[in-house]
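**Student:** got a sequence here, can you build the structure:
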Amino acid sequence: MHEVVSVTPERGDGGRFASRFGRPAAVVLVLLCGLTLLLGFINKDRCTGPAFDQWGRSQPDYDERNKQDVCYSDIQHLWIGRDIDRHVFPYVDGNINDKGILIGGSVEYPVLSGLLIWAGAIFAHNDAEYLLFSSLLMAPFGLLTGWLLGKLARWRALLWAIGPPLVLYAFHNWDLPVVLCSVAAVFVVHRWNRPLVERAVVASVLLGLGFAFKVYPAAFVLPLMLFVATGGWRGQEMPNGKKVDVAGAVKVGLASIVTVVLVNLPFAIAGYDGWAASFEFQGLRRVDITTNSIWYWGLRPFIGDDAMQSLVGVISPITILISFGIAAGYGWMRFRREGTYPWIAVSGAMLCGFMLLHKVHSPQYTLWLVPFLVLLRVRLAWAFAYFVVDLAMGIGIFRWFWAIEFGQPAGIYDSFSAQAVMIGVWGRAALLVALFVVFLKARDVTEDDHDDLKFIRGDVAARR
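**Tutor:** The predicted structure is shown next:
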């Protein structure tokens, strides 16, 4: 009589497979992430106080210090100018005036970011308190992101937890929540012990919430739908009798759409003009020296400003959509060859296309990219190279603005800060092109789970 040996892999805490990253390791990773977040706050807090004017703006010389000392933060800066200091609830009574200025509580971000912006100001009386309370609100998002990445990728998650981008940008803008939404979606799909469609629907809801923070995660719904339509890993979760799970993919797409509608609808009803103003503001935003995009630096020397604005308004969204199509199409080629649609790799490539080709490339967008450097099995040299050029941009841009505004040498031949900006702009652009290709060809860390399953089955066979 043969011994019956289970070949089911050990289930972890909420995961489909054993995590191989125990609680002590996760605690260490989160503690390191917390220390990095603390350094990030200290870096930004250098711009606050010691005195404040009647509007709660830090004094003295705030406008000079935030550039010269490289401690600028959108959080602190927008304490003035968006009615945040007046504790106005966002969007409901807002609008955008004829000069393109947001008024009455409207902000230039989607509604969940707007709520976070408002919540951070509830107990604040000046920009220093606002930076502190906003940082306290967002820090848990950064810590949870680190924990999830550790459970997915083990120590590779140190790229997030102790990487320079977290120091530079954790509290530069309101980006930590949207990053968590993307990472949590991956975790749900690959570690929850539920049927594929159920996992993917929950992940799609998270991506819809991500849209309501910063828009970009909505792009990842398409590759997730294709992953579901093809039955997940090697088609092993395809419903019986089906070759393509169209119904499951549709459910996933609808889950994200419904989430976006439900989150936005109350604001649209309560104050349509204020809600729509955030989208109108982004549509009207001009490509200028503050946008850091390839379009400004690549087109401005050759065509007039008005022509450049008109051209970029058309070519930027078209090229972004083309990049999405190329990524999704290459993912399908990999599916035909390997049997699994690589939705994480395709999502990472889509993000590269978006960051490269969008008319705005703010420095903190690097936080969006770092999780994909963790989740995809690419050489660490790619991450380190990106961190270097990102440091050049993240530091150089503010020193350069300071030099321009306060009469210091600012030309490309006599200013290191101007040279650093060029390294940042074109270095990031070149690396994003390369990473677009590298991501599309990469395995993701969740495939290790399936490799472990093969090992377990092989070990069982040997024991028999």
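
**Student:** grab the most central residue of this structure for me.
**Tutor:** For the chain, Trp368 is the residue whose C-alpha lies nearest the centre (C-alpha atoms, centre = their mean; 2.6 Å).

**Student:** next, the distance between the ends of stretch 87-103.
**Tutor:** Start-to-end span of stretch 87-103 (C-alpha to C-alpha, to the nearest Å) is 13 Å.

**Student:** quick one on the thing from earlier: three-state assignment of the residue nearest to the centre of the chain?
**Tutor:** helix (DSSP: H, G, I helix; E, B strand; the rest coil).

**Student:** which parts of the helix or strand harbouring Ala153 are buried?
**Tutor:** Element membership of Ala153 [criterion: DSSP states H and E] is helix 127-153. Buried residues in helix 127-153, counted by 16 or more other C-beta atoms under 10 Å: 127-135, 137-139, 141-153. For every residue, glycine as well, the C-beta is placed using N, CA and C.

**Student:** which residues does Phe372 contact?
**Tutor:** When contacts are counted by C-beta atoms under 8 Å, 6 or more residues apart in numbering, Phe372 is found next to Ile344, Ser347, Gly348, Leu351, Phe439.

**Student:** residues contacting the last one?
**Tutor:** When you say that, I think you mean Phe439. By C-beta under 8 Å, 6+ apart, the residues touching Phe439 are Ala345, Gly348, Ala349, Cys352, Phe372, Leu376, Val378.

**Student:** so which of the residues you listed sit within strands?
**Tutor:** Among those, DSSP state E puts none in strands.

**Student:** in TSV: these, plus pLDDT and distance to Gly232.
**Tutor:** Converted to TSV, the contacts of Phe439 look like this (pLDDT from 0 to 100; distance: C-beta to C-beta, whole Å):
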residue	pLDDT	distance to Gly232
Ala345	98	15
Gly348	98	18
Ala349	98	20
Cys352	98	24
Phe372	98	20
Leu376	97	18
Val378	97	23
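
**Student:** closest to Ile289 among those residues?
**Tutor:** Taking C-beta to C-beta as the measure, Ile289 lies nearest Cys352 of these, at 23.5 Å.

**Student:** where in the stretch 1-150 of the chain is pLDDT low?
**Tutor:** Applying pLDDT under 70 to the stretch 1-150 of the chain picks out residues 1-19.

**Student:** just the helices in it please.
**Tutor:** Taking DSSP state H, counting those that start in this stretch as the test, the helices found in the stretch 1-150 of the chain are 23-45, 62-68, 74-77, 111-120, 127-153.

**Student:** to Ala434, which of these lies closest?
**Tutor:** helix 127-153 (21.0 Å).

**Student:** so that closest one versus helix 23-45, what angle?
**Tutor:** With axes from the mean of the first three to the mean of the last three C-alpha atoms, to 10 degrees applied, the angle from helix 127-153 to helix 23-45 works out at 150 degrees.

**Student:** packing partners for helix 127-153?
**Tutor:** Packing partners of helix 127-153 (3 or more C-beta pairs under 8 Å, 6 or more residues apart in numbering; DSSP states H and E): helix 23-45, helix 74-77, helix 111-120, helix 158-161, helix 176-191, helix 366-375.

**Student:** mind listing what's buried in the longest one?
**Tutor:** Residues of helix 23-45 classed as buried under the neighbour-count rule (16+ other C-beta under 10 Å) are 25-26, 29-30, 32-33, 36-37, 40-41, 43-45.

**Student:** of all those residues, which two lie farthest apart?
**Tutor:** Most distant of the buried residues of helix 23-45, by C-beta to C-beta, are Ala25 and Asp45, 30.3 Å apart.

**Student:** show me the contacts for the closest residue in space to Leu149 that isn't next to it in sequence.
**Tutor:** Leaving out its chain neighbours, the residue that sits closest to Leu149 by C-beta to C-beta, 6 or more residues apart in numbering is Ala157, at 3.7 Å. Contacts for Ala157 (C-beta under 8 Å, 6+ apart) come out as Leu29, Gly146, Leu149, Gly150, Val374.

**Student:** give me that answer again for 6 Å
**Tutor:** Ala157 is in contact with Leu29, Leu149, Gly150, Val374, counting by C-beta atoms under 6 Å, 6 or more residues apart in numbering.

**Student:** tell me who's in contact with the second one.
**Tutor:** The one in question is Leu149. Ala157, Trp160, Val374.

**Student:** hmm, try it at 8 Å
**Tutor:** So Leu149 contacts Arg156, Ala157, Trp160, Ala161, Val183, Pro371, Val374, Leu375 (C-beta under 8 Å, 6+ apart).

**Student:** that one and Gly142, how far apart?
**Tutor:** Using C-beta to C-beta, to the nearest Å, Leu149 is found at 11 Å from Gly142.

**Student:** what of the last one?
**Tutor:** With distances defined as C-beta to C-beta, the gap from Val374 to Gly142 amounts to 14 Å.

**Student:** then the first one?
**Tutor:** Taken as C-beta to C-beta, the spacing of Leu29 relative to Gly142 amounts to 12 Å.

**Student:** what is the burial count for Pro223?
**Tutor:** Look at Pro223: counted by other C-beta atoms under 10 Å, it has 24 neighbours.

**Student:** all further residue positions should be reported with the first residue as 23.
**Tutor:** Got it, the first residue is 23 from now on, which makes the last one we talked about Pro245.
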